[in-house]
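In: Below are the sequence and a predicted model; questions follow.
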Amino acid sequence: MSSYKDLLAQREQLDKQIKEAVAREKADGIAKAKVIIEQYGLSASDLFSRKAGVKSSGGKVAPKYRNPSTGDTWTGRGKAPKWIDGKDRSSYLI
């Protein structure tokens, strides 16, 4: 049975081998990618462009409702503000 110190030494050796293997495989992958990029004349925009029809999240939304007395606005998303909550929203449409 291996001692604690022996196991730690083995782990250090394995960690080193893992790092070397990752670096080697990464370099191989980059070399293959470079060959394909040169072969087809690809650019960064070809590789990293967004597909049509994919919506980005987190963008601003235009307000849909306005409080005529204060000028406050609300997009219609999330929890309704107190000034419109429970009321007919059609009269607040922008």
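Out: Arrived safely, thanks for sending. Residues are numbered from 1 along each chain as shown.
In: Residue ranges of each domain in this structure, please.
Out: As assigned by automatic domain parsing, the chain contains the domains 4-48, 53-94.
In: mean pLDDT for those domains: which is lowest?
Out: Least confident of those, judged by mean pLDDT, is domain 53-94 with a mean of 86.
In: chain center to that one: distance?
Out: Relative to its chain's centre, domain 53-94 lies at 27 Å (Cα atoms, centre = their mean, to the nearest Å).
In: swap in stretch 10-18?
Out: Centroid separation between stretch 10-18 and its chain, computed with Cα atoms, centre = their mean, is 32 Å.
In: now do stretch 7-24
Out: Mean-position distance between stretch 7-24 and its chain equals 31 Å (Cα atoms, centre = their mean).
In: just checking, next helix/strand downstream of the helix or strand Leu8 falls within?
Out: If you go by DSSP states H and E, Leu8 is part of helix 4-40. Moving toward the C-terminus from helix 4-40, the next helix or strand (DSSP H and E) is helix 44-48.
In: and whichever helix or strand comes after that next one, what does it pack onto?
Out: Using DSSP H and E, the helix or strand that follows helix 44-48 in sequence is strand 65-66. Under the contact definition 3 or more Cβ pairs under 8 Å, 6 or more residues apart in numbering; DSSP states H and E, strand 65-66 sits against strand 73-74. To be clear about C-beta, it is placed using only N, CA and C from the backbone, and glycine gets the same treatment.
In: So which other helices or strands are in contact with the strand it packs on?
Out: If you count contacts as 3+ Cβ pairs under 8 Å, 6+ apart, strand 73-74 packs onto strand 65-66.
In: outside of the strand it packs on, which residues touch it?
Out: Here strand 65-66 makes contact (Cβ atoms under 8 Å, 6 or more residues apart in numbering) with Asp72, Thr73, Trp74, Thr75, Gly76, Ile84, Arg89, Tyr92, Leu93, Ile94.
In: filter those to the buried ones?
Out: The neighbour-count test (16 or more other Cβ atoms under 10 Å) marks Trp74, Ile84, Tyr92 as buried among these.
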